[in-house]
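> sequence and predicted model, in that order:
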Number of protein chains: 2
Amino acid sequence: MAIKYELIKECRQSGARLGLLHTPHGTIETPVFMPVGTQATVKAMTPEELKEIHAQIILSNTYHLYLRPGHQLVEKAGGLHKFMNWDRAILTDSGGFQVFSLGDLRKISEEGVEFRSHLDGSKHFISPEKAIEIENALGADIIMAFDECAPYPADRTYVKNSLERTTRWAKRCKEAHKKPDQQALFGIIQGGMYRDLREQSAKEITALDFPGYAVGGLSVGEPKPLMYEILEYTTPLMPKDRPRYLMGVGSPDCLIEGVIRGIDMFDCVLPTRIARNGTAMTSFGKVVIKNAQYAEDFAPLDPNCGCNTCRNYSKAYLRHLYKAQEILSARLVTYHNLYFLLNLMKNIRDAIKADRLLDYRKEFFEKYGYEV
Amino acid sequence: MAIKYELIKECRQSGARLGLLHTPHGTIETPVFMPVGTQATVKAMTPEELKEIHAQIILSNTYHLYLRPGHQLVEKAGGLHKFMNWDRAILTDSGGFQVFSLGDLRKISEEGVEFRSHLDGSKHFISPEKAIEIENALGADIIMAFDECAPYPADRTYVKNSLERTTRWAKRCKEAHKKPDQQALFGIIQGGMYRDLREQSAKEITALDFPGYAVGGLSVGEPKPLMYEILEYTTPLMPKDRPRYLMGVGSPDCLIEGVIRGIDMFDCVLPTRIARNGTAMTSFGKVVIKNAQYAEDFAPLDPNCGCNTCRNYSKAYLRHLYKAQEILSARLVTYHNLYFLLNLMKNIRDAIKADRLLDYRKEFFEKYGYEV
């Protein structure tokens, strides 16, 4: 087995899980947030900086790397870790989400998905076997099964057919997986917003005995309370001795609520993407740095933050950099946002240790302002 | 006096000068290359990184900072050093070069230059007094007089009138300068490509007794041998006990040739600008990273280079980042190019110490390939 999940304790106040995830590239303290490095780089950051802010694992995107520079090239480079100079853990998605997001540019069949590249319009076909072949070549520590993430809203029949195909594809992924000793293949539970379909999917996917499981198909436009409700009945269906990954979720409130509902792993482009648009996450909520109110604000983004950006730069300077379209703007705000989220995860782990995660949630939201 | 230049020695082989330039923000070993931080940031770099690669002084642009965020705002922030978190020396130009580059957008009179902002078309007027007022507010260690950099080619009469006005403006700058104890005002020698006019300008400007002098109006499109010839007869007209600054020059060959002709200071956007276009300076000449030949080249940009980029990343990865338009591309290549030039300056200083700068030039050019 490539990885091993060790459940350290459950929070007596909230039931949240504290764990260790042992991987071929180090042990990860969970719950963990994974910064996204779509094209073999977490946008605007170096691997050194990711280590400075204690990133333990990053996510990279199979669809993008398959198209450019190509998985064979990455394999020739010695794998993704070596190619991008990151010696800690990596998780790759399967490309499914990106391919399905292409809308009119893709066609689904039982065999797989035919699609046109968003880069040059060239035609491609990804099947479960092909996705795993690509992920095997990239060489991440954790790889995801090729699934369909159903849109929201979607009718019951569509979702049922989709989840059942996802199960068949999950089996094919497992069979195609060439390196189970080096790369852990996670199964993905789908089922849309239907309780019985989530239960069906959880049952079918967990029966395949993967070393870890994800909850997919959430954070796709549904209201947050609905997501929380689905997590509440889905995570109890997932084995306690395997890591649980909620895909595509990364707002501070959802991280806290997800952990409380038994999730161990998260990823999202949110912190890095909004940073490039000049929006910072702070303990008081979002700061939109281009706003005129910060023109002569010589205080840091967040006086409670210990990151390099907050220790060294004022909002007035960050606003200037943003308006002048300087690269340093994206750098400094990205650094801050990731630091903020990784520090939030540390605070969450500490609160679980102290059996006070519900108290911590209350304290956090009082300052932050709840966003449902 | 804000600064003091200390001539340590002259190279017995080349006549090049080794010196120390004492400023309110540290002592600079000369000859020195100054990375350009146009908008209060050296594009794609942090101040920390500039220190890592031993940048001793950076240049920032008065024209840009006057327009955005405004010199009063920078002054309120505590000056440019504090605003941008750079505690080493800074030099600001006067804005003259940028304003004159605006072409149809500017109108020159004896009083100063009226121009329209390249940002929003708003009308502005910069006189020698106004330029110094802005530079005083920004608070750089070295500030430049407001001059006219004549175009190339330009006829004798134009250049003569222009240099004489530059002298009158230099006097006005000196009179307007409010902080001679904290900021050293440099005079600028003009005179285009005419030997007698260079001599006239050098005589007039040095008579005003500035703490340092620049050679302006070169590297404006003239052939490099012409620039070298002009330097050969101009630098001997400059006082030995003051620093000599060749404005706007930063290609490796011109740096070496400039030092040999008695120059102590240089600045140029070249290393940072070409980096963002994916071109690296190496000991073997330029590497255009997007070229297909590097697609599977897993060696560093320059095997002789000890920078972070060369120690950690391959040309194949840099090419991928460039083609994927990732910010990290600009970061890593900028870092390398500045490291390369600053390291070149260190090698030049070492060669002067060892009285072997002509030998070093030969060795360097044999590998690099001379570009005249």
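Right, received. Where do you want to start?

> hmm, residue A:260 and residue A:361 touching each other?
Yes - at 7.0 Å, residue A:361 and residue A:260 qualify as touching, with contact defined as C-beta atoms under 8 Å. C-beta coordinates here come from the backbone N, C-alpha and C atoms, glycine included.

> can you pull the residues that touch both of the two?
residue A:14 (C-beta atoms under 8 Å, 6 or more residues apart in numbering or on different chains).

> for the longest helix along chain A, the distance to its chain's centre please.
When chain A is parsed with DSSP state H, its longest helix is helix A:327-353. With C-alpha atoms, centre = their mean, to the nearest Å as the basis, helix A:327-353 stands 14 Å off its chain's centre.

> so which bits of the stretch 51-200 of chain A are right by chain B?
Within the stretch 51-200 of chain A, the positions near chain B by C-beta under 8 Å from any C-beta of the partner chain are A:64, A:68, A:69, A:73, A:76, A:77, A:78, A:83, A:84, A:85.

> can you pick the most crowded of those?
Highest neighbour count within these: residue A:84, with 27 neighbours (other C-beta atoms under 10 Å in any protein chain shown).

> residues contacting it?
A:37, A:40, A:41, A:47, A:60, B:317.

> mind giving me the PyMOL select for those residues, buried ones only?
The following PyMOL line selects those of the contacts of residue A:84 that are buried, judged by 16 or more other C-beta atoms under 10 Å in any protein chain shown:
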select buried, (chain A and resi 37+40+41+47+60) or (chain B and resi 317)
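
> tabulate the contacts of residue A:84 (TSV), appending distance to residue A:153 and pLDDT.
As requested, the contacts of residue A:84 are exported to TSV (distance: C-beta to C-beta, whole Å; pLDDT from 0 to 100):
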residue	distance to residue A:153	pLDDT
A:37	31	98
A:40	34	98
A:41	35	98
A:47	40	98
A:60	30	98
B:317	42	98
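
> and the contacts of residue A:84, which of them are in strands?
Judged by DSSP state E, strands contain the following of the contacts of residue A:84: residue A:60.

> buried ones in stretch A:45-61, by neighbour count?
Applying 16+ other C-beta under 10 Å to stretch A:45-61 flags A:45-47, A:49-50, A:53, A:55-61 as buried.

> and if you look at stretch A:165-184?
A:165-167, A:169-174, A:176-177, A:183-184.

> turn these into TSV, columns for secondary structure and pLDDT.
Output for those, formatted as TSV (DSSP: H, G, I helix; E, B strand; the rest coil; pLDDT from 0 to 100):
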residue	secondary structure	pLDDT
A:165	helix	98
A:166	helix	98
A:167	helix	98
A:169	helix	98
A:170	helix	98
A:171	helix	98
A:172	helix	98
A:173	helix	98
A:174	helix	98
A:176	helix	98
A:177	coil	98
A:183	coil	98
A:184	strand	98
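
> list just the nearest of the residues you listed to chain B.
residue A:183 (21.3 Å; C-beta to the nearest C-beta).

> the closest one contacts residue A:144, correct?
No - the pair residue A:183 / residue A:144 is not scored as a contact, 10.5 Å apart, by C-beta under 8 Å.

> ok, and what's touching stretch A:180-188?
A:1-3, A:23-24, A:132, A:135-136, A:139-145, A:147, A:166, A:170, A:173-174, A:177, A:205-206, A:208, A:210-216, A:243, A:245, A:247.

> mind redoing it with 7 Å?
A:1-3, A:24, A:136, A:139-145, A:147, A:166, A:170, A:173-174, A:177, A:205, A:208, A:210-214, A:216, A:245 (C-beta atoms under 7 Å, 6 or more residues apart in numbering or on different chains).

> which of those are buried?
A:2-3, A:24, A:136, A:139-145, A:147, A:166, A:170, A:173-174, A:177, A:205, A:210-214, A:216, A:245.

> give me the element the closest residue to residue A:12 other than its chain neighbours is part of.
Closest residue to residue A:12 apart from its sequence neighbours, by C-beta to C-beta, 6 or more residues apart in numbering or on different chains: residue A:355 at 4.2 Å. Taking DSSP states H and E as the definition, residue A:355 sits outside all helices and strands.

> need the pLDDT of residue A:355.
Residue A:355 carries a pLDDT value of 98.

> any idea how far it is from chain B?
40 Å (C-beta to the nearest C-beta, to the nearest Å).

> ramachandran coordinates for that residue?
phi 50, psi 40 (degrees, to the nearest 10).

> surely it meets residue A:15?
No - assessed by C-beta atoms under 7 Å, residue A:355 is found out of contact with residue A:15, at 10.4 Å.

> now do the SS call for residue A:20.
strand (DSSP: H, G, I helix; E, B strand; the rest coil).

> what sits against it?
A:6, A:8, A:27, A:29, A:30.

> in the sheet, who's paired with it?
On the basis of DSSP bridges, residue A:20 is bridged to residue A:6, residue A:29.

> now the residue in the stretch 101-250 of chain A that chain B sits nearest to, nearest residue through space, not along the chain?
In the stretch 101-250 of chain A, the residue that lies nearest chain B is residue A:119 (9.5 Å; C-beta to the nearest C-beta). Closest residue to residue A:119 apart from its sequence neighbours, by C-beta to C-beta, 6+ apart: residue A:67 at 5.7 Å.

> ramachandran coordinates for the residue of the stretch 101-250 of chain A closest to chain B?
phi -90, psi -50.

> ok, it touching residue A:69?
No - assessed by C-beta under 7 Å, residue A:119 is found out of contact with residue A:69, at 11.5 Å.

> returning to what we had before: TSV please, covering the contacts of residue A:84 and showing distance to residue A:124.
As requested, the contacts of residue A:84 are arranged in TSV below (distance: C-beta to C-beta, whole Å):
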residue	distance to residue A:124
A:37	22
A:40	19
A:41	23
A:47	29
A:60	18
B:317	23
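
> what about the contacts of residue A:84, which are in helices?
A:47, B:317.

> just give me the closest of the contacts of residue A:84 to residue B:115.
Top of the list for closeness to residue B:115, among those and by C-beta to C-beta, is residue A:41 at 40.1 Å.

> check contacts around the closest one.
Here residue A:41 is in contact with A:84, B:321, B:326, B:328 (C-beta under 7 Å, 6+ apart).
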